[in-house]
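**Student:** Have a look; sequence and predicted model below, questions after that.
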Amino acid sequence: MNRHAVVSTRIGELTVVVSDGELVGIYFPHHWVKPSAETLGEQASDPLIARVVAQLEEYFDGRRVAFELPVRLEGDAFQRRVWAVLEEIPYGERTTYGEIAQRLGEPAQAVGKAVGQNPVSIVVPCHRVIGKNGSLTGYAGGLQRKQFLLDLEEPVGARLF
């Protein structure tokens, strides 16, 4: 059964969704692909939600470079392949949509769509994917948040993955 909480963070309001002891969603207020209110489940406190929020705050404070959370990514087989690549991008590094597409042998446009449908923003680091010329491209949380997250990780280095 899904449960959710709307929490205030350094980068604004986030909706955190958990189900059966696993994180299944982190959504921005104007997220492109957001589940229906019924799918979010009841709004309630939950120990896992509290753990997610604590780890996000540690990340935003620069005290965490990896998340230690049980995550379940719900999507089709292609989306899960793309999201698995996102999970491999190390903190402080970046890759491009084209590089992911080449790695998977898939069209870059399809990869971009799957990246944009990542249900667990930040924890599954879709913000680390940029345009081929280094430009910022779409982000469900908005380009200002994407830039904030990339800047946060900048001290480690912005090498391509």
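**Tutor:** Okay, I see it. Numbering: from 1, shown residues only.
**Student:** how does this structure divide into domains?
**Tutor:** Split into domains by automatic domain parsing, the chain comes to 2-60, 77-156.
**Student:** Out of the ones you listed, flag the one nearest residue 70.
**Tutor:** Closest to residue 70 of these is domain 2-60 (CB to CB; 4.5 Å). All C-beta spots, glycine's among them, are computed from the backbone N, C-alpha and C.
**Student:** end-to-end on the closest one?
**Tutor:** With CA to CA, to the nearest Å as the measure, the first residue of domain 2-60 is 26 Å from its last.
**Student:** what mean pLDDT does that domain have?
**Tutor:** In this model, domain 2-60 carries a mean pLDDT of 91.
**Student:** now stretch 80-88
**Tutor:** Averaged across stretch 80-88, pLDDT comes to 97.
**Student:** contacting residues around it?
**Tutor:** Under the contact criterion CB atoms under 8 Å, 6 or more residues apart in numbering, stretch 80-88 has outside partners 73, 75, 100, 103-104, 111, 114-115, 118, 124-126, 128-129, 161.
**Student:** related to what we said a few turns ago, let me have the domains of the chain in TSV, adding distance to residue 68 and mean neighbour count as columns.
**Tutor:** Below are those laid out as TSV (distance: least, CB to CB, whole Å; neighbours: other CB atoms under 10 Å):
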stretch	distance to residue 68	mean neighbour count
domain 2-60	7	16
domain 77-156	10	17
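**Student:** Thanks a lot, see you next time.
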